[in-house]
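> Pasting the sequence and the predicted coordinates here, then a few questions.
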Amino acid sequence: MAATKPRTLYDKLFEEHVAAEQDNGAVLLYIDRHLVHEVSSPQAFAGLKAQDRPVRRPELTLATCDHNVPTTPRPRVMKVAQAKLQVETLARNVKIHNIPYLGLNSTSQGIVHVIGPELGFTLPGTTVVCGDSHTSTHGAFGCLAFGIGTSEVEHVLATQTVVTTRWKSMRVWVTGELAHGVGSKDLMLYIIGQIGTAAGTGAAIEFAGPTIESLTMEARMSLCNMAIEAGARAGLIAPDETTFAYLQGRPLVPENEGWEQATAYWRTLQSDPDAVFDRQWNIDATNVAPIVSWGTSPEQVTPITGIVPSPEDFQDPSKADSCRQALKYMGLEPGTKMTDITIDKIFIGSCTNSRLSDLRAAASILLGRHIAPTIKAAYVVPGSGVVKKQAEAEGLDKIFTAAGFEWREAGCSMCVGLNEDQLDAYERSASTSNRNFENRQGTAGRTHLMSPVMAAAAAIDGRLSDARKYLGGAAVAPETGILQELPTYPQNVEPEDTNTSEQQGTADNTNDDDDTIAAGPFTSVSGLVAPLDRANVDTDCILPKQFCTTIVRRGLRDGLFHNLRWRPDGSVDDTFVLNRAPYAPNPGQDVGRASILLCTGPNFGCGSSREHAVWALLDYGIRVVLATSFGDIFYGNSFKNGLLPALVSAEDIPLLQAEAEAGHELEVVLATQQIRRVATGEEIARFEVDKGLKEMLLAGVDEIGLSLRRAEDIARYEAARGEARPWLTAAVQTGWDRLNFLLRAGSGSLGCVSRIPVDLA
Ligand SMILES: CC(C)[C@H](C(=O)O)[C@@H](O)C(=O)O
Ligand code: SF4
């Protein structure tokens, strides 16, 4: 008998979820758990409405609003009309489709990646998706969790599957004990600094080894959270006793016999000893110091004991250029000691570091101390209402406020600055979030990433600081096993707010009719080529967050590369390529003259999953992006909308750049994968494109319609899965009731999980 091929954890999870195979090698991957938030869902629901398609499995879906909600004390009044409309639209859509919802007024509302695990919605062995790049967080539980774009959100709502191909499998093997004062955030920043932000492109990265096994679940979540910052589709950690102890007793976790069956299965979820990875890195954690970022990419990091580097320190010319650009943006001089950098604002929060153990760790060094008088604002924003209540029960809020921090309501807050929590121009933050991209926390704001204790130390000193000098005993506080006993579920002590239209679901002014962009088959595109001389162009740069509060796809052209086209003072930057002749719009027009964008550096479209970036490019007239590599989610999003991301070789970049700068029109032909000069017909270069996605673009197909034709396969898969893993659906069947009961018992008002009958007897 032939021996079974050893499999990685990723292989096991992937194979378990193949609902149907397609002729072109893609599969319909079944999705067990779908998280939804207000920013990436309105256009998806509008698409369903236009086609009159129902949500296939609403009970496997959990929605919340988190990105643009105010974090100021309740009642939470949304002042920005557009953001309010987005939240109202979600409230209306969940009502229409009977989707469990933790709304603005629920005391359990929170960041989608905090509440999923907290409620037990996230389980080992499952597939978890969300229209959000940091869905990688959930991989800490040994599930296949990944961010998707809005078109895929619609696909999952309609079919409970995504169309995907098999990814590469990579592993980061970590040994050695983390030093006192060093946590998983430092470890992950260190890893990204070593392997780079594009290392995981097209791959799931498994984190394994003795150091990983010793981490708490909350520390593991911080680590997997930032797998996307290493470019990976997903982060993974094999589930173990630590995982099970964290999960047991949470409202949506299987109970009794289901628990026994589930844990028996979960114990098999490990990479086989002989499994082969496409790539492996071995990291010794022993000498990892507290890490801070100095630049505008999460790979631009250094130990706190280090100095700001100089472009000359980088051999790779593209990295040297990025360093130069980052130093300029960050207003830093090479050679400056990191601990000499002064800070204006402190942010402790985000889906990376807003859990109880993070707050405890920061509070442990703030106790009896005060923030420096030069600090303009210090926010601590718990990841969820549950975290907030627990922290208050422990008195952490008192420690923070006594130290001069503002104690806020749960939400994404200054991680992305989609609400009023922002940096002003040229202000500098010490932030526990995950992205230090240009303009991320506010136009011209400067972000330094770090761990919660490091942010607390920076608050005390008013400058970047080595937290270890403030640490006495336990550096990184352990997490609690919350919800292990139901009575400890936080009880609401204040009345629920009832004065917003979100709760009443009266958003009837939404005008969110479907405005799908993908039109007809794509054959070729001819036109001017605008050369963009940058590396790691993130989707925050392509379309800044303030434009993401829309509920439609069109009308985003003004937002495209907004911070490159306009300076912080509002003046036009004439030097930016899209503002220059011959690429700039003709007088009186607002659509550019180039239909092709050439990015000279790698990793175009990394970062956030916002499909808005693709919509903005199209709205400005760009139909093709040429680059040497792309962020995975951006790559997928492009095809769904008829934008071609064409992979060119690094060797061809100088020639293409010369053609572009000369103002030659080029023709990009999809069928033959050629780039030709229009005037002469001469082939300038060739490009690579995913085979299945190419076919889809050539045919201009309705992918959801196509997948729905496989409805029988999906139903057959669901039936078989229901038999093999009965606890999966049982967990939500009883779980929503249980959660409802807890919320009602605690709050007196529900505002969530409205569809499932609740027995309050
Ligand atoms: C708005 C959302 C699509 C986005 C993401 O995908 O990451 C956001 O969470 C972010 O962090 O930029
Ligand atoms: S990265 Fe920031 S904005 Fe994105 S989900 Fe996490 S907290 Fe929210």
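Arrived safely, thanks for sending. Ligands and ions are numbered 1, 2, ... in the order given.
> make it CA atoms for all contacts and neighbour counts henceforth
Noted.
> for this structure, what are the low-confidence residue spans?
For the chain, the stretches with pLDDT under 70 are 1-3, 473-511, 518-520, 741-761.
> again, 80 this time
Under the criterion pLDDT under 80, the flagged ranges of the chain are 1-3, 23-24, 472-520, 734-735, 737-761.
> List, one by one, the residues from it near ligand 2.
Applying C-alpha under 6 Å from any ligand atom, one finds that the chain approaches ligand 2 through 67, 134, 350-351, 412, 415-416.
> what residues go with each domain of the protein?
According to automatic domain parsing, the chain comprises the domains 9-285+711-743, 291-471, 524-687.
> what number of residues lie near Gln325?
Using other C-alpha atoms under 10 Å, Gln325 is surrounded by 16 other residues.
> Could you export whichever strand or helix holds it as CSV, CA atoms only?
Counting by DSSP states H and E, the element that carries Gln325 is helix 317-330. Extracted as CSV, the C-alpha positions of helix 317-330 are listed here (Å, rounded to 0.1, in the frame of the first residue of the first chain):
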residue,chain,number,x,y,z
PRO,A,317,18.5,49.6,-4.4
SER,A,318,14.7,49.4,-4.0
LYS,A,319,15.0,49.0,-0.2
ALA,A,320,17.5,52.0,-0.1
ASP,A,321,14.9,54.1,-2.1
SER,A,322,12.2,53.0,0.3
CYS,A,323,14.3,54.0,3.2
ARG,A,324,15.0,57.4,1.7
GLN,A,325,11.3,58.0,1.1
ALA,A,326,10.4,56.7,4.6
LEU,A,327,12.9,58.9,6.4
LYS,A,328,11.6,61.9,4.5
TYR,A,329,8.0,61.1,5.3
MET,A,330,8.8,60.3,9.0
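> measure Thr339 to Asp466 for me?
Using C-alpha to C-alpha, to the nearest Å, we find Thr339 at a distance of 7 Å from Asp466.
> And those two? Which one has more around it.
The neighbour comparison of Thr339 against Asp466 (other C-alpha under 10 Å) goes to Asp466, with 24 against 17.
> Can you report phi and psi for that one?
Main-chain torsions, Asp466, degrees, to the nearest 10: phi -90, psi 110.
> can I assume it is in contact with Ile304?
Yes: assessed by C-alpha atoms under 8 Å, Asp466 is found in contact with Ile304 at 6.1 Å.
> list the residues that contact both of these two?
290, 339 (C-alpha atoms under 8 Å, 6 or more residues apart in numbering).
> Gly335: how many residues sit nearby?
By the criterion of other C-alpha under 10 Å, Gly335 has 11 neighbours.
> ignore the last one, Asp316
11.
> any idea how far it is from Gly601?
Going from Asp316 to Gly601 by C-alpha to C-alpha gives 11 Å.
> on that earlier part again, quick check: which of the domains of the chain is nearest to Asp514?
For those, proximity to Asp514 was assessed by C-alpha to C-alpha; domain 9-285+711-743 is nearest, at 4.9 Å.
> Tell me if Ser595 really is in a helix.
No: counting by DSSP: H, G, I helix; E, B strand; the rest coil, Ser595 falls outside a helix, being strand.
> Please report phi then psi for the residue lying closest to it once chain neighbours are set aside.
Using C-alpha to C-alpha, 6 or more residues apart in numbering and skipping the chain neighbours, the partner closest in space to Ser595 is Ile622 (4.2 Å). Ile622 adopts backbone torsions of phi -80, psi 130, taken as degrees, to the nearest 10.
> Ok, the one 5 residues further on next?
With angles defined as degrees, to the nearest 10, Ala627 shows backbone torsions of phi -160, psi 160.
> For it, grab the count of nearby residues.
When counting by other C-alpha under 10 Å, one arrives at 25 neighbours for Ala627.
> The one 10 residues further on now?
When neighbours are counted by other C-alpha under 10 Å, Asn637 registers 25.
> Near ligand 1, which residues of the stretch 401-550 of the chain are found?
Residues of the stretch 401-550 of the chain lying near ligand 1 by C-alpha under 6 Å from any ligand atom: none.
> need the helices for the stretch 401-550 of the chain, in chain order.
With DSSP state H, counting those that start in this stretch as the criterion, the stretch 401-550 of the chain has helices at 452-461, 501-504, 539-542.
> Let's have those helices in JSON lines, adding mean neighbour count and distance to Gly385.
Listed next are the helices of the stretch 401-550 of the chain as JSON lines, based on neighbours: other C-alpha atoms under 10 Å; distance: least, C-alpha to C-alpha, whole Å:
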{"stretch": "helix 452-461", "mean neighbour count": "30", "distance to Gly385": "19"}
{"stretch": "helix 501-504", "mean neighbour count": "18", "distance to Gly385": "17"}
{"stretch": "helix 539-542", "mean neighbour count": "25", "distance to Gly385": "27"}
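> ok, which residues in the chain are in contact with ligand 1?
Going by C-alpha under 6 Å from any ligand atom, the residues of the chain near ligand 1 are 39-40, 131-134, 608-610.
> Could you list which of those belong to helices?
Secondary structure from DSSP state H places none of the residues of the chain next to ligand 1 in helices.
> Which two among those residues are spaced furthest apart?
Val39 and His134, at 13.7 Å, using C-alpha to C-alpha across the residues of the chain next to ligand 1.
> State the number of residues packed around the residue in the stretch 351-500 of the chain positioned nearest to ligand 1.
Of all residues in the stretch 351-500 of the chain, Val416 sits closest to ligand 1, at 6.1 Å by C-alpha to the nearest ligand atom. Residues lying near Val416 (other C-alpha under 10 Å) number 25.
> show me where the stretch 1-150 of the chain has helices.
Counting by DSSP H, counting those that start in this stretch, the stretch 1-150 of the chain has helices at residues 9-16, 42-51, 81-97, 112-119, 150-159.
> Val39 and His134: who's more crowded?
His134 (30 against 26).
> Spatially, what comes nearest to that one if we skip its sequence neighbours?
Leaving out its chain neighbours, the residue that sits closest to His134 by C-alpha to C-alpha, 6+ apart is Asn225, at 5.5 Å.
> before we move on, what about Phe314?
Counting by C-alpha to C-alpha, 6+ apart, Ala320 is the residue found nearest to Phe314 once chain neighbours are left out, at 5.2 Å.
> wouldn't that neighbour be in contact with Pro309 here?
No: between Ala320 and Pro309 there is no contact under C-alpha under 8 Å: 10.0 Å.
> More neighbours: which of these two?
Pro309 (23 against 16).
> Please, which helix or strand holds the more buried one?
Per DSSP H and E, there is no helix or strand for Pro309.
> and the gap between it and ligand 1?
Between Pro309 and ligand 1 the distance is 27 Å, computed by C-alpha to the nearest ligand atom, to the nearest Å.
> For that residue, grab phi and psi.
phi -80, psi 170.
> Surely it and Leu332 touch.
No: contact criterion C-alpha under 8 Å: Pro309 and Leu332 do not qualify, at 9.5 Å.
> so how far is the first residue of stretch 426-434 from its last?
19 Å.
> what's around the residue of the stretch 151-300 of the chain found nearest ligand 2, how many residues?
In the stretch 151-300 of the chain, no residue comes nearer to ligand 2 than Asn225, which is 8.3 Å away by C-alpha to the nearest ligand atom. Asn225 has 28 neighbours, counted by other C-alpha under 10 Å.
> Check the contact between it and Thr135; I expect there is one.
Yes: between Asn225 and Thr135 there is a contact under C-alpha under 8 Å: 7.1 Å.
> With only the CA atoms kept, save stretch 401-419 in CSV.
This file holds the C-alpha atoms of stretch 401-419, laid out as CSV (Å, rounded to 0.1, in the frame of the first residue of the first chain):
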residue,chain,number,x,y,z
THR,A,401,-7.1,57.4,33.5
ALA,A,402,-5.0,58.2,36.6
ALA,A,403,-2.0,58.0,34.3
GLY,A,404,-3.6,60.6,31.9
PHE,A,405,-5.0,58.2,29.3
GLU,A,406,-8.5,58.5,27.8
TRP,A,407,-10.5,55.3,28.4
ARG,A,408,-12.6,54.7,25.3
GLU,A,409,-15.3,52.5,23.8
ALA,A,410,-14.4,49.6,21.5
GLY,A,411,-13.5,50.0,17.9
CYS,A,412,-10.7,50.3,15.4
SER,A,413,-10.1,53.9,16.3
MET,A,414,-6.7,55.4,15.6
CYS,A,415,-5.4,52.2,14.0
VAL,A,416,-6.9,53.4,10.7
GLY,A,417,-8.4,56.8,11.7
LEU,A,418,-11.7,56.2,10.1
ASN,A,419,-13.4,58.1,12.9
